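Peer 1: coordinates only, no sequence provided:
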């Protein structure tokens, strides 16, 4: 195979490889969110917590990360709860909790 043909093939496949990598990142983030929420148990995790703990989740756009969480809520895997802060003042803490159903 000559070098010109190899370069042409690489250029043709690059968009497909990029798309595959984006989808793989979303799938990995999905799996890691479930894993971390299982570990968090009754404490739950906020979006900020998820972004700090999961690099794949942090690399998603705001829309992608919200879509991922919304999808998990719709499937009954995760639920969202508003909790009082420890001091009882200020905004309520919005956290995500694993409730099962990821099979």
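Peer 2: Thanks, I have it. As the structure is a prediction and not an experimental result, all values here were calculated from the model.

Peer 1: the helices in the protein, which residues?
Peer 2: Using DSSP state H, the helices of the chain run over residues 3-40, 47-53, 55-58, 62-74.

Peer 1: nearest to residue 98, of those?
Peer 2: Closest approach to residue 98 among the helices of the chain is made by helix 3-40 (3.7 Å; CB to CB). C-beta: built from backbone N, CA, C; applies to glycine.

Peer 1: quick check, pLDDT for the nearest residue to residue 52 once chain neighbours are set aside.
Peer 2: Spatial nearest neighbour of residue 52, excluding adjacent residues (CB to CB, 6 or more residues apart in numbering): residue 58 at 7.5 Å. Residue 58 carries a pLDDT value of 93.

Peer 1: same deal with residue 52?
Peer 2: As predicted, residue 52 sits at a pLDDT of 95.

Peer 1: same deal with residue 40?
Peer 2: For residue 40, the pLDDT comes out at 93.

Peer 1: show me what contacts it?
Peer 2: By CB atoms under 8 Å, 6 or more residues apart in numbering, the contact list for residue 40 reads 49, 97-98.

Peer 1: now, among the residues you listed, which is nearest to residue 5?
Peer 2: Taking CB to CB as the measure, residue 5 lies nearest residue 49 of the contacts of residue 40, at 49.0 Å.

Peer 1: please tell me how far the closest one sits from residue 43.
Peer 2: As judged by CB to CB, to the nearest Å, residue 49 and residue 43 stand 9 Å apart.

Peer 1: and residue 85, by the same measure?
Peer 2: Using CB to CB, residue 85 is found at 13 Å from residue 43.

Peer 1: so who does residue 80 touch?
Peer 2: Going by CB under 8 Å, 6+ apart, residue 80 touches 69, 73, 94-97.

Peer 1: ok, now with 6 Å
Peer 2: Residues counted as contacts of residue 80 (CB atoms under 6 Å, 6 or more residues apart in numbering) are residue 96.

Peer 1: quick check: bridge partners of it?
Peer 2: Under DSSP bridges, the beta-bridge partners of residue 80 are residue 96.

Peer 1: look up how far residue 7 lies from it.
Peer 2: 49 Å.

Peer 1: what of residue 27?
Peer 2: Distance of residue 27 to residue 7, computed by CB to CB: 30 Å.
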